[in-house]
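In: Sequence plus predicted model, see below.
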Amino acid sequence: MELKKSEDANIEKLRMPIRMMGLLFIGSVVLASFSYTTEKSENKNNRGDKNIADINFMEEPQDPETPPPPPPPAVDAPPPPAEELEIVPDTQEPPPPVVSTPPPVVVAPVEVVVAPAEIIDFPDVEATFPGGTAAMQKWIAANVKYPQTSIEMNEQGKVYLSFVVELDGSITNIKIVRGVSSDLDKEAKRLVRKMPKWKAGEAKAKKVRTNCRLPINFRLD
């Protein structure tokens, strides 16, 4: 027949209370011993030579003292929650960087020089006065102004001139090739400068600048 252990007969549960009672008893004895010794000393001083028997307390044998159970491990308390800082993004846009604009570069205007066309001395078609040579002589006779000083000094003769007939028929670069007198030379140049536009000469079926020569005859009747 198997014997069953009773929960009431289990002395393991009583070991700890017994130990605590033993410790309490020992502490009480030690405290009483100190109290008695102090009182004995005081009585001895007061009564002189009176002998007081020492009382030796017999301690009952106890089980070897069992060290108390280790204290439970210390649990670090969690630190208080740090105050949350609300971070607000900076929505303000930074100002645009200041960019210094260099002063504009002043470019001097470039003068385009067009080289004049070549002057032809002997074109395929000569430049002519409008209406031909007869019309030119008639025009000169109608527009000439014989200088009075030349009349008084009886100056007469042919003044040879050179000039350029441009592409549009105008006359430029008037020069005296061979003159008679200063007054007659000036009158000859005035007549050529006043002439209407000529018909331009041609070379290879294209209008060209033509170099022309013209004698003007000054004669007193």
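Out: Cool, got the structure.
In: got any ranges where the protein has weak pLDDT?
Out: The model of the chain has pLDDT under 70 over residues 1-15, 17, 32-94, 112-114.
In: Next, count neighbours for residue 182.
Out: Neighbour count for residue 182, taken as other Cβ atoms under 10 Å: 13. Yep, even glycine has a C-beta here, placed from its N, CA and C like the rest.
In: again, but for residue 118
Out: Neighbours around residue 118, by other Cβ under 10 Å: 8.
In: Could you tell me which residues make contact with it?
Out: Residues counted as contacts of residue 118 (Cβ atoms under 8 Å, 6 or more residues apart in numbering) are 208-209.
In: Phi and psi next, for it.
Out: The phi/psi pair for residue 118 (degrees, to the nearest 10) reads phi -70, psi 140.
In: May I have the secondary structure class of residue 139?
Out: helix (DSSP: H, G, I helix; E, B strand; the rest coil).
In: Surely it and residue 129 touch.
Out: Yes - contact between residue 139 and residue 129 holds when scored by Cβ atoms under 8 Å: they sit 7.5 Å apart.
In: Against which helices or strands is the lengthiest strand in the chain packed?
Out: In the chain, taking DSSP state E as the definition, the longest strand is strand 206-218. Judged by 3 or more Cβ pairs under 8 Å, 6 or more residues apart in numbering; DSSP states H and E, strand 206-218 is in contact with strand 119-120, strand 157-165, helix 182-194, strand 201-203.
In: Secondary structure element holding the closest residue to residue 163 other than its chain neighbours?
Out: In space, and not counting its chain neighbours, residue 163 is closest to residue 174: 4.6 Å by Cβ to Cβ, 6 or more residues apart in numbering. Secondary structure from DSSP states H and E places residue 174 in strand 171-178.
In: circling back: just want to know which of residue 139 and residue 129 has more residues nearby.
Out: residue 129 (21 against 17).
In: The more buried one contacts residue 138, correct?
Out: No - contact between residue 129 and residue 138 fails when scored by Cβ under 8 Å: they sit 10.1 Å apart.
In: Could you give the bridge partners of residue 158?
Out: residue 217 (DSSP bridges).
In: count of residues packed around it?
Out: Neighbours of residue 158 using other Cβ under 10 Å come to 14.
In: for residue 130, same thing?
Out: 13.
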